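Participant: Next input, structure requested:
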Amino acid sequence: MIHRNFTLFSYILLIILFSSTVVLVLVFYTNRMLMSKILFASQNETYSALIHTTMEEVVSQFQSVESTVDYNIRLFSSSTDQQRQRSVNLLRRTLESHPSVFGSVIIFLQDDKAAQDKNGFKAIYVWREGEKILSSDRTTLDEDYVAPWYVEPIRTKKGIWCEPYYDPQVNVLMVTYSAPFFDEKGHVAGVITADVTLDWLESLLKSLPLGQTGEPILLSASQTFLVYSQKEWLFKETLRSLADKATDPMNRRMLTELSDAFRKKVTGRLRVIRPVNKEAAWCYYGTDIKAGLTIGCILPEEQVFDTVHRINRLTPCCSLIGMLLLLIPAFWIARQIGTPLSRLSAAASEISQGNFDSELPKVAGTGEIAKLVSSFDHMRVDLQHYINETTETARAQEKLASELNVAHSIQAGMVPKNFELFSGHGVDLFAMMTPAEEVGGDLYDFALLDDETIYFCIGDVSGKGIPASLFMAVGKTLLKSTIQAIRNPAVALKLVNKELMEYNDAALFITAFCGLYNTRTGELVFSGAGHNPPILIDSSGTARFVDVKPALPLAIVDQQGYENQHTRMEKGEALFLYTDGATDAINPQGKYFGSKRLLEELNRSNSGSSSDLNNEKMARIREFANGAKQSDDITMLLFRSGKESNSERV
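Facilitator: Numbering: from 1, shown residues only. Predicted structure coming up:
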């Protein structure tokens, strides 16, 4: 039973989710269980029938050979006078009528001299050689008289199939059928054989439709491997020998079970684990009772169940269809509540346009729709109050924005812009500052302290916004007033650092670089407080970073000391100062502009006036950012010396 506070839409959602889950589970597991059983049974029938059909074809071939040999025996036994040529003709007809018979022998008993003399031969052999059929007397009779194909038919007085063997002279697999013939008194007089090639059987097995990973198998009566993918086992290993050599108990048990199953001389199947790759597989097999050959195929379990797996992959599609069908009742329910909701939607549209007096639909009862209308009415009242409050907030924000614009103008007015001040002193100087917000924490400053000395500095306050801008104003003022009094960059930084530490409750700090340049001698005295190293552009246009001794920023450590460094600038050389907003500019891909790219840009292009060069580099930074929001204030200052100095650079 659904709780009465459970909303209608939640109820619909619950029906859809529950029904979909039930359908998905039922379809998947029902399909998996039924189809797995049906398809596996079908696969078993298919491959069992394939082996059975193959066995019937093999048995038919062997029965045909047996019938021919038995027929020759009857013909041979019916006459008391078998001359040599007549015997040859008899065997020749056998080879001509049976393409699978490679050769045939007629041999008399070893001690029957009378029959040998009467017929004019002891043993005669007819065989194929290419398109020809040749004949000759046997010369290896001592070996023949002890061979199984001679001894066993005489002992048992019936035809036998011998163990298959590989004949290296003709490069083919063979099996021999031999049967005894009798004299007028019914005594065994000799043996007639037929050597049957098994290349047709190899071709037949390899042509079986076993898929890409299935493979045929052919074993002799002694279970010696005649056809199999493991070439090193052929004519050497048996199932028993492999079982004896197996070190894995599971492999030994599996090979023994397979050997026992084959010895039953029936058609069947058995699940096995391949000894070579430990892969689960199914072996379908059958045994020819007469010849003793075992014919089978080994199929990986993955291949046997391939159809089952494909069917299982279709299950999600069926589940999706079921879920779509389950949307029908949900659609019907939604339609039942659609009419009152559409009226409520129309009223909401009026309210969204500012008509808060729009009439809401009348819904009777205490159902979900009635509660919704009541809630919407309360929302309308709350929304009107919210809009009034938002209007007041917007006015306050507009006032704040106006004040920030004024602050921006004040900050912009705090940094000098009289760049023509130094034109009469052989110096081209230009600076620009671009805050990330309305006001920023970067600073630059310059001044002509006397006819020969130019003071310049650049700095970056930690953070952005109003706190950073106020701290910047204090730091700029202190540094300029101090440098004017003592004209020593390192001492000035030390004194300003101490002063800032006393009033730094906000825990801000300033990185700074300042220097004094003598326009007459070209001497440059500078000191840094944790700021980015400036870039010096020599008269040949090569840009490099200035080696600035490391020091902590201002307002971090009370007793921090700073050190002056000296160099001389030749005519045409320029010094480029910047804040980390330039190198930390980021593009939409999250890559930074970086110091290396900034140096490459200055090496690529550094001619022209200071203002042109600053504007060009700022344009390159904006081009790199490609519309990405500026993350930090960017300040750049560049001055180029026009005074030629003959003094040696330090």
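
Participant: so after the top helix by length along the chain, what's the next helix or strand?
Facilitator: Longest helix in the chain by number of residues (criterion: DSSP state H): helix 8-78. Per DSSP states H and E, the first helix or strand lying C-terminal to helix 8-78 is helix 84-97.

Participant: Which positions in that following helix come out as buried?
Facilitator: Residues of helix 84-97 classed as buried under the neighbour-count rule (16 or more other C-beta atoms under 10 Å) are 87, 88, 90, 91, 93, 94, 95. Every C-beta, even on glycine, is put in place using the N, C-alpha and C of the backbone.

Participant: which among the residues you listed gets closest to residue 475?
Facilitator: residue 95 (114.8 Å; C-beta to C-beta).

Participant: Name all residues that make contact with residue 280.
Facilitator: Contacts for residue 280 (C-beta atoms under 8 Å, 6 or more residues apart in numbering) come out as 271, 272, 273, 274, 300, 301.

Participant: The helix or strand hosting the second one: how far from the chain's middle?
Facilitator: Secondary-structure element containing residue 272, defined by DSSP H and E: strand 268-273. Strand 268-273 has its average C-alpha position 36 Å from the chain's average C-alpha position, going by C-alpha atoms, centre = their mean, to the nearest Å.

Participant: Take the buried residues of helix 84-97 and write them to a markdown table, including pLDDT.
Facilitator: Output for these, formatted as a markdown table (pLDDT from 0 to 100):
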| residue | pLDDT |
| --- | --- |
| 87 | 83 |
| 88 | 87 |
| 90 | 85 |
| 91 | 87 |
| 93 | 88 |
| 94 | 86 |
| 95 | 87 |
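
Participant: Same list, the contacts of residue 280, but as CSV with pLDDT please.
Facilitator: Listed next are these as CSV, based on pLDDT from 0 to 100:
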residue, pLDDT
271, 81
272, 79
273, 78
274, 73
300, 80
301, 75
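
Participant: how about the helices in the stretch 151-300 of the chain?
Facilitator: Here the stretch 151-300 of the chain has its helices, by DSSP state H, counting those that start in this stretch, at 199-206, 239-245, 249-263.

Participant: The stretch 401-550 of the chain now?
Facilitator: Secondary structure of the stretch 401-550 of the chain (DSSP H, counting those that start in this stretch): helices located at 465-486, 489-502.

Participant: give the contact list for residue 433.
Facilitator: When contacts are counted by C-beta under 8 Å, 6+ apart, residue 433 touches 412, 415, 440, 442, 443, 444, 633, 634, 635.

Participant: Give me the distance between the helix or strand hosting the last one and the centre of its chain.
Facilitator: Using DSSP H and E, the secondary-structure element containing residue 635 is strand 634-641. Here the centre of mass of C-alpha atoms in strand 634-641, compared against the chain's by C-alpha atoms, centre = their mean, lies 51 Å away.

Participant: Give me the sheet partners of it and which way each runs.
Facilitator: strand 427-434 (antiparallel), strand 574-578 (antiparallel) (DSSP bridges).

Participant: Please report how far residue 417 lies from residue 441.
Facilitator: 19 Å (C-beta to C-beta, to the nearest Å).

Participant: Any regions of the stretch 1-150 of the chain where pLDDT drops low?
Facilitator: Within the stretch 1-150 of the chain, the stretches with pLDDT under 70 are 1-14, 16-17, 20, 24, 27-28, 31-32, 36, 78-82.

Participant: hmm, 50 instead?
Facilitator: Filtered on pLDDT under 50, the stretch 1-150 of the chain yields the residue ranges 1-5, 80.

Participant: How about the chain?
Facilitator: Low-confidence segments of the chain (pLDDT under 50): 1-5, 80, 643-650.

Participant: thought residue 480 was touching residue 459?
Facilitator: No: judged on C-beta atoms under 8 Å, residue 480 makes no contact with residue 459 at a distance of 11.2 Å.

Participant: Name the residues contacting each of these two.
Facilitator: Contact criterion C-beta under 8 Å, 6+ apart; residues shared by residue 480 and residue 459: none found.

Participant: if we can go back for a sec, how far off centre is the longest helix of the chain?
Facilitator: Mean C-alpha position of helix 8-78 versus that of the full chain (C-alpha atoms, centre = their mean) differs by 36 Å.
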